[in-house]
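Colleague: Okay, sequence plus prediction incoming.
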Amino acid sequence: MPELPEVESLRRILHRSAVGRTIKNARINEPRLRRRISADFAATLGGRRIEDIARRAKYLVVSLSGDLTMLTHLGMSGSWTHRGDGFDAGDFDPRHDHVVLALDDGTTLVYNDPRRFGLMKVVRAEKLGALPELKGLGPEPLSREFNADYLASKTRGKKVAIKNLLMDQRIVAGVGNIYASEILFFAKVRPTRRAGRVTHAELERIVAATPRILRAAIGSRGTTFRSYRDSRGQPGRFAERLQVYGREGKPCFVCSTPIRNVVVGQRASFYCPKCQR
DNA sequence: CTTACATCCTGATTGC
DNA sequence: TGCAATCAGGATGTAA
């Protein structure tokens, strides 16, 4: 479920609560995520100090002492929560609390993931860039690398729908289904449009809208559409600011035309048929 | 190379 | 109300 703003919100909270702490003990309750967590994961993490927590695309990149890096992805339903020492056993979810990191201040970091689409691995820091998960990622959408000329070079001649292209992590890293719909609404481009047919002026609008929307969403600590919660259990507040996502049949905030929902590349895609051509 | 689609899994919501 | 079908914010692997 989480896209860049949700992962970034999580990163900021975890950074405050966990950097500088040492992992006293790591426990794997359920290693069967989309790919099985390596058997030596827990032993490798034990005793390590958390030096930094960064983000790349939708991945959290946790730097550990001893030049190790933990890479984690939330998939569709994953979450990390920081639980204080006041929590009792009742807070434990035996079905989906798959990874528990006990810190030296008595608190715990818990990875919960009902659908188990997430990812969890540890590698030597120097091998990070060579990981298949990170190797092919496109530029961060909040960086200057993501500009209209770059996007034009990626859309040229492409027949895929522009929305699919925006969600392709090799093109730009971190945009998912909700924000792709929102970005295209602000750019006034219909999600079904073939990427190669999007004009340069429209690409400029897409590139301008992207950081605006993502930053606003980060400021609201992300979007809670169904069940997303941040590491303190709080829902994100951006849902109330969504212009099109999840608003099928409701009036467009700009022109009052009913918002439509069409399937593009197997994903629900919301747009205003009048504002977006 | 590009594009299309199934697949991993559980839980919440929708529809009858 | 109850139960079955549908859908979910992601990424990858396979096939055409």
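Modeller: Looks like it came in fine.
Colleague: Going by C-alpha atoms from here, please, whenever you check contacts or count neighbours.
Modeller: Fine.
Colleague: ok now the helix ranked longest in chain A, how far from the chain's centre?
Modeller: Across chain A, the longest stretch assigned as helix under DSSP state H is helix A:200-219. Distance, stretch centre to chain centre, for helix A:200-219: 16 Å (Cα atoms, centre = their mean, to the nearest Å).
Colleague: Mind exporting the C-alpha coordinates of it to CSV?
Modeller: Extracted in CSV, the C-alpha atoms of helix A:200-219 (Å, rounded to 0.1, in the frame of the first residue of the first chain):
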residue,chain,number,x,y,z
HIS,A,200,6.3,18.3,-24.0
ALA,A,201,4.2,21.0,-22.3
GLU,A,202,2.2,18.2,-20.6
LEU,A,203,5.3,16.4,-19.5
GLU,A,204,6.4,19.7,-18.0
ARG,A,205,3.1,19.8,-16.1
ILE,A,206,3.6,16.3,-14.9
VAL,A,207,7.1,17.0,-13.7
ALA,A,208,6.0,20.1,-11.9
ALA,A,209,3.0,18.4,-10.3
THR,A,210,4.9,15.4,-9.0
PRO,A,211,7.1,17.0,-6.3
ARG,A,212,4.3,19.4,-5.3
ILE,A,213,1.9,16.5,-4.6
LEU,A,214,4.5,14.2,-3.0
ARG,A,215,5.7,16.9,-0.7
ALA,A,216,2.2,17.9,0.3
ALA,A,217,1.5,14.3,1.1
ILE,A,218,4.6,13.9,3.1
GLY,A,219,3.5,17.0,5.0
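Colleague: Tell me which strands the helix or strand following that helix pairs with, and in which orientation.
Modeller: Toward the C-terminus, helix A:200-219 is succeeded by strand A:260-264 as the next helix or strand (DSSP states H and E). The pairing partners recorded for strand A:260-264 under DSSP bridges are strand A:267-271 (antiparallel).
Colleague: What segments of the stretch 1-150 of chain A are strands?
Modeller: Assigned by DSSP state E, counting those that start in this stretch, the strands in the stretch 1-150 of chain A fall at A:23-28, A:50-56, A:59-64, A:68-73, A:79-83, A:97-103, A:108-112, A:119-124.
Colleague: Need those in JSON lines (columns: distance to residue A:8).
Modeller: Output for the strands of the stretch 1-150 of chain A, formatted as JSON lines (distance: least, Cα to Cα, whole Å):
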{"stretch": "strand A:23-28", "distance to residue A:8": "22"}
{"stretch": "strand A:50-56", "distance to residue A:8": "7"}
{"stretch": "strand A:59-64", "distance to residue A:8": "8"}
{"stretch": "strand A:68-73", "distance to residue A:8": "12"}
{"stretch": "strand A:79-83", "distance to residue A:8": "12"}
{"stretch": "strand A:97-103", "distance to residue A:8": "20"}
{"stretch": "strand A:108-112", "distance to residue A:8": "16"}
{"stretch": "strand A:119-124", "distance to residue A:8": "17"}
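Colleague: can you redo those strands as a markdown table with mean neighbour count and distance to DNA strand B?
Modeller: A markdown table is the format used below for the strands of the stretch 1-150 of chain A (neighbours: other Cα atoms under 10 Å; distance: least, Cα to the nearest atom of the strand, whole Å):
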| stretch | mean neighbour count | distance to DNA strand B |
| --- | --- | --- |
| strand A:23-28 | 19 | 16 |
| strand A:50-56 | 19 | 21 |
| strand A:59-64 | 22 | 17 |
| strand A:68-73 | 21 | 13 |
| strand A:79-83 | 22 | 13 |
| strand A:97-103 | 21 | 11 |
| strand A:108-112 | 22 | 11 |
| strand A:119-124 | 18 | 11 |
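Colleague: ok, now how distant is the nearest residue to residue A:111 once chain neighbours are set aside from residue A:103?
Modeller: Take residue A:111 and drop its neighbours on the chain: the residue closest to it by Cα to Cα, 6 or more residues apart in numbering is residue A:80, 4.6 Å away. Residue A:80 sits 14 Å away from residue A:103, going by Cα to Cα, to the nearest Å.
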